[in-house]
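> I need the structure of the sequence given here:
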Amino acid sequence: MNNTPQRHQYLVSDEIDLLELFHGIWKQKKLVIGCTILACVLGVGYAFLAPRVYQVSSVLRPAAINELDALNRSEVYKLPPAEALAKVGAQLDSYEVRLGFFRANPALFEAFQRPGQSLEQSFEAFNQNSINLVTPDPKRPDAASSYLRLEMQYPKGVDGAAILNGFVDYAIAQERNQVASDLKVIVNNRLNELKGKIDAARTNYEADKASKTAMLLEADEVKRASLQDELTALRLQMKMERTNRLAELAEAISIAKSIGIKNPTTPSALDRNGPRGSNQLTSIVLTNQPIPLYFMGTEVLEAERAALQQRTNDDFTNSRVAEIGKELRMLDVNREVEILNGRKNEDMFLQDVEPLRAEEARLRGLNIDMSMLKLVTVDRQALEPLSPIKPRVGAIIAISFVGGLVLGIFLALIRHFVQARRNRAVFDDRRSPHQ
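Numbers count the residues shown, from 1 in each chain. You can find the predicted model right below:
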């Protein structure tokens, strides 16, 4: 009967009693406090002995519109402020640009170089762990999200602010040089294109000039040949007319001799001096006809025949011969062709090249000072930090305290449950003989 309460007590103990657990932990408060103190000591030791890590950052924003006005007004290279910021961001994120800055400033990176490592290997470790480019959320295209933030973490003994500011300046200079190079290439390409168009206009002009000259000379040759043919035909005609005239004169001389006309006379005069019957016949025959040539008399007719026989050139007898000669003389020199070939500055006569020359002069007169071109605005330069970001002493101590406390409570609970199991085992051993 006396064993029944004890048995009931241990049976109830199988259920978890929070008050009993708290009492068991409180009995082991020294263990809990010891674990907490030990964890705090370890945390404080780590917090003060761990290497200090510092962080600097720089913020870039789009440049003002007037800063890029000279470049955009050139009508050659368009670069809006947002695009300029994106280009600088690409330079900041470029592996080649970072390596170039690393190589150009070895004194700033001595702390990152390790013995036995090449320059590229040292840079790789620095590039992966030190510099981070933060870009705005692409889902927010508003003006407030247009920025770039460059962050750099570095150990103690490194001039992080100088490295980050120098790198930002280096990247901006690289992009400025790239823009200047692109602008130069575009301008040269435009100038070559304009030169090609002007050369094409000059070639067309020379071809037109040669064609016009050939056409003028050909027209002169055709006209000269036509005049020569006309002159030849005209001279042949005059020669035939002279031959016919000689035949007429010979016939008239023969008639004049046969009727005894030596000197010029008329039919009426011949009628009064000659026999009656014959004169009447002559008057009847010649009433309605022009006076025959033989009435000129043999002396005049023979004189004319002698003159015609001695003539060597009939050109003076026709005025058209002189006109043909004048026209042929004028064809010896084509003044229009002479003026075309005598032009000293033929570029003045090119068609539709004035706008091309104006554009060429404008491009050659571009004077954009690329050294003063402001691609972005440095909204915030990197400044030397006042305190490191790692390790965080307060957070480490708090975590150490909480961790030590949790560990102590956990160990206390384990000891409590082990002790409870042992007590139940002892109770079971004592109850067995009575049964």
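> all helices of the stretch 101-250 of the chain, in order?
119-129, 160-259 (DSSP state H, counting those that start in this stretch).
> who wins for proximity to residue 424 among the ones you listed?
helix 119-129 (56.1 Å; CB to CB). No exception for glycine: its C-beta is placed from N, CA and C like everyone else's.
> buried residues in the closest one, which are they?
Neighbour-count burial for helix 119-129 flags 122, 123, 126 (criterion: 16 or more other CB atoms under 10 Å).
> model confidence for residue 270, exactly?
If you check residue 270, the pLDDT there is 66.
> sorry, that was for residue 7
Predicted confidence (pLDDT) for residue 7: 44.
> my guess is residue 130 contacts residue 151, does it?
No - if you go by CB atoms under 8 Å, residue 130 and residue 151 don't touch, sitting 9.2 Å apart.
> who's more crowded, the two?
Taking neighbours as other CB atoms under 10 Å, residue 130 and residue 151 compare with residue 130 leading, 21 against 16.
> low-confidence ranges, the stretch 251-400 of the chain, go.
270-289 (pLDDT under 70).
> contacts only, for residue 70.
Contacts were defined as CB atoms under 8 Å, 6 or more residues apart in numbering; by that measure residue 70 touches 368, 369, 373.
> need phi/psi at it.
Taking degrees, to the nearest 10, you get phi -60, psi -40 for the backbone angles of residue 70.
> with residue 376 instead?
Backbone phi and psi, for residue 376 under degrees, to the nearest 10, turn out to be phi -140, psi 170.
> same question for the one 3 residues further on.
In terms of degrees, to the nearest 10, the main-chain angles of residue 379 are phi -70, psi -40.
> which residue is the nearest non-sequential neighbour of the residue nearest the centre of the chain?
Residue closest to the mean C-alpha point of the chain, counted by CA atoms, centre = their mean, is residue 186 at 3.9 Å. Leaving aside its sequence neighbours, residue 186 sits nearest to residue 76 (CB to CB, 6 or more residues apart in numbering; 5.4 Å).
> same deal with residue 320?
residue 234 (6.1 Å).
> measure that neighbour to residue 195 for me?
Residue 234 sits 57 Å away from residue 195, going by CB to CB, to the nearest Å.
> okay, these two: which has more neighbours?
Just comparing residue 234 and residue 195: by other CB under 10 Å the higher neighbour count belongs to residue 234, 16 against 12.
> contact partners for the more buried one?
Per CB under 8 Å, 6+ apart, neighbours of residue 234: 318, 320, 321, 324.
> please work out how many residues are found near the third one.
In other words, residue 321. If you count neighbours by other CB under 10 Å, residue 321 ends up with 18.
> and the spatially closest residue to it that is not a sequence neighbour, how many neighbours does it have?
With sequence-adjacent residues excluded and distances taken as CB to CB, 6+ apart, residue 321 is closest to residue 315, at 4.3 Å. A total of 14 residues lie near residue 315 under the criterion other CB under 10 Å.
> among the contacts of residue 70, who's most crowded?
If you count neighbours using other CB under 10 Å, the busiest of the contacts of residue 70 is residue 373, which has 20 neighbours.
> and that one, how far from residue 77?
Counting by CB to CB, the gap from residue 373 to residue 77 is 11 Å.
> just the pLDDT for the residue lying closest to residue 95 once chain neighbours are set aside.
Among residues not flanking residue 95 along the chain, residue 127 sits closest, at 7.1 Å (CB to CB, 6+ apart). Here the pLDDT value assigned to residue 127 is 79.
> ok, residue 127 touching residue 100?
No - counting by CB under 8 Å, residue 127 stays clear of residue 100, with 11.9 Å between them.
> contact partners for the residue nearest to residue 186?
Here residue 76 is in contact with 183, 186, 187, 190, 363, 366 (criterion: CB under 8 Å, 6+ apart).
> burial of the nearest residue to the third one once chain neighbours are set aside, as a residue count?
For residue 187, the nearest residue in space outside its immediate sequence neighbours is residue 363; the separation is 5.4 Å by CB to CB, 6+ apart. Each residue near residue 363 was counted by other CB under 10 Å, and the total is 17.
> thought residue 363 was touching residue 190?
Yes - assessed by CB under 8 Å, residue 363 is found in contact with residue 190 at 5.7 Å.
> that older thread, and the contacts of residue 234, which is closest to residue 20?
Within the contacts of residue 234, the smallest distance to residue 20 is 149.1 Å, found for residue 324 (CB to CB).
> what about residue 377, which SS state?
Following DSSP: H, G, I helix; E, B strand; the rest coil, the label given to residue 377 is strand.
> show me what contacts it?
Applying CB under 8 Å, 6+ apart to residue 377 gives the contacts 60, 61, 62, 63, 64.
> from residue 178, how far off is the fourth one?
Yep, that's residue 63 we're talking about. 16 Å.
> neighbour count winner among the two?
For residue 63 versus residue 178, the count of surrounding residues by other CB under 10 Å is larger for residue 63: 21 against 13.
> let's see which of the contacts of residue 234 end up in strands.
When DSSP state E is applied, those are split such that none fall in strands.
> put the buried members of the residues you listed into a PyMOL selection.
To isolate the buried members of the contacts of residue 234 in PyMOL, using 16+ other CB under 10 Å:
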select buried, resi 321+324
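> could I get the contacts of residue 234 as JSON lines with distance to residue 146?
Converted to JSON lines, the contacts of residue 234 look like this (distance: CB to CB, whole Å):
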{"residue": "318", "distance to residue 146": "97"}
{"residue": "320", "distance to residue 146": "92"}
{"residue": "321", "distance to residue 146": "94"}
{"residue": "324", "distance to residue 146": "88"}
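> greatest separation within the contacts of residue 234: which pair is it?
Largest pairwise distance in the contacts of residue 234, by CB to CB, is 9.4 Å, between 318 and 324.
> so who does the spatially closest residue to residue 224 that is not a sequence neighbour touch?
Of all residues not flanking residue 224 in the chain, residue 331 sits nearest, at 4.9 Å (CB to CB, 6+ apart). Contacts for residue 331 (CB under 8 Å, 6+ apart) come out as 220, 223, 224, 227.
> so what's the gap between the longest strand along the chain and the chain middle?
Counting residues, the longest strand in the chain under DSSP E turns out to be strand 53-62. Strand 53-62 sits 35 Å away from the centroid of its parent chain (CA atoms, centre = their mean, to the nearest Å).
> which parts of it are buried?
Under the neighbour-count rule (16+ other CB under 10 Å), strand 53-62 has 54, 55, 56, 57, 58, 59, 60, 61, 62 buried.
> got the buried residues for stretch 28-48?
Across stretch 28-48, burial judged by 16+ other CB under 10 Å covers 28, 31, 32, 35, 36, 39, 40, 43, 47.
> report the two of those residues separated the most.
Between any two of these (CB to CB), the greatest distance is 27.9 Å, for 28 and 47.
> could you check how far residue 369 is from residue 66?
14 Å.
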